Every structure is written in structure tokens, then in C-alpha cells.
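A.B. asks: below: sequence and its predicted model.
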Amino acid sequence: MSTGLPQASVKSQIFESLLGFLPDWVQITVLALIVLAVVASWVVKIKRKIAYRRAVRNGQPVHAAAQYGQGCGADYLGQYAPQQQTQPARQGSGADHLGAYAPQPAEPARQPSGADFLGAYAPQQRQGEGPSANASA
């Protein structure tokens with residue numbers, strides 16, 4: 001038979017049975033501590049959200065994981081954080097120190113085409129006219 005009342009979950013039944021053996025003042029203290037823990041977690045969550053919004057609005061860099069409470073210690077250094085360099089220093093390689101011994105840039109090599117190998121079969125160019133004269137004849 002259904003009475004229309006919702007059934008208590010197993011977890012809540014275990015919780016009630018454990019508290020039932022304790023004196024009243026301990027029950028009230030435990031319940032108050034649980035409520036206090038829930039409220040404190042809400043307060044911390046709201047404070048983090050406000051701090052994140054202020055940082056975004058002021059243009060400060062915000063670590064993506066710090067938004068969700070998963071940041072590391074370096075995310076909370078504030079004014080003690082090392083300043084970021086605008087451009088990283090470029091390290092030179094061995095070729096940068098060759099000086100006069102560095103290879104000189106050469107002319108780009110011309111690759112041969114198929115017309116270079118025609119030999120006697122290459123079309124003869126007419127005197128005084130450009131290469132386009134052969135195309136019209």
C-alpha cells in the first residue's frame with residue numbers, strides 16, 4: 001500500500017539512525033556544523049566568482065583553472081608574481097657567430113626545362129623578333 005509520502009533514501013536513514021543514538025545537544029551541534037559547512041562553501045564560491053569577474057574586468061590575466069578552484073599556488077601570488085617579459089630573448093645559434101666564415105648567399109640555380117634538351121629540334125628564332133614571333137607563325 002502506498003501512503004503517498006516519499007520514501008526516505010538509504011543514506012538519510014543511516015544518517016538518522018547514527019544521530020538517533022547521540023544525545024540531543026550532539027545532534028544539534030552536528031546538524032549546525034553541517035549547515036555551517038554548506039553555507040561556508042557557498043560564500044567561498046561566491047567570493048571566487050566575484051574576484052574572477054573583477055580580474056577579467058580590470059584586464060588582469062586569469063589562469064583558466066583558477067576560475068573553477070583548481071588553480072596552483074602561482075595563481076595566487078598577486079603582486080609578488082614575476083613580471084612577464086614582453087618579448088622572449090632570442091638565443092643565438094652557432095651559425096650566428098661565424099662572422100667572415102659564414103657561407104655567402106649564392107645565385108639561385110636555374111633548373112633545366114624540357115626545351116633545354118631539344119638540341120637540333122629546337123625551333124629557330126627569327127632575327128629581330130622576340131620569342132612570341134614563333135608562336136604566330
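C.D. replies: Right, received. Where do you want to start?
A.B. asks: which other helices and strands contact the longest helix along the chain?
C.D. replies: Taking DSSP state H as the criterion, the chain has its longest helix at helix 24-57. With contacts taken as 3 or more CB pairs under 8 Å, 6 or more residues apart in numbering; DSSP states H and E, helix 24-57 sits against helix 10-20. All C-beta spots, glycine's among them, are computed from the backbone N, C-alpha and C.
A.B. asks: run the chain-centre distance for the helix it packs on.
C.D. replies: Offset of helix 10-20 from its chain centre (CA atoms, centre = their mean, to the nearest Å): 45 Å.
A.B. asks: quick one: mean pLDDT for it?
C.D. replies: When pLDDT is averaged over helix 10-20, the result is 82.
A.B. asks: then it to PDB, C-alphas only?
C.D. replies: Taking C-alpha atoms only, helix 10-20 is exported to PDB below (Å, rounded to 0.1, in the frame of the first residue of the first chain):
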ATOM      1  CA  VAL A  10      19.100   4.700   2.400                       C
ATOM      2  CA  LYS A  11      21.700   7.400   3.100                       C
ATOM      3  CA  SER A  12      19.200   9.600   5.100                       C
ATOM      4  CA  GLN A  13      18.000   6.500   7.100                       C
ATOM      5  CA  ILE A  14      21.600   5.700   8.000                       C
ATOM      6  CA  PHE A  15      22.300   9.300   8.900                       C
ATOM      7  CA  GLU A  16      19.200   9.500  11.100                       C
ATOM      8  CA  SER A  17      20.000   6.200  12.800                       C
ATOM      9  CA  LEU A  18      23.500   7.300  13.700                       C
ATOM     10  CA  LEU A  19      22.300  10.600  15.100                       C
ATOM     11  CA  GLY A  20      19.500   8.800  17.000                       C
END
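A.B. asks: count of residues packed around Y80?
C.D. replies: Neighbourhood size, Y80 [other CB atoms under 10 Å]: 7.
A.B. asks: so how far is G73 from it?
C.D. replies: Separation of Y80 from G73 (CB to CB, to the nearest Å): 11 Å.
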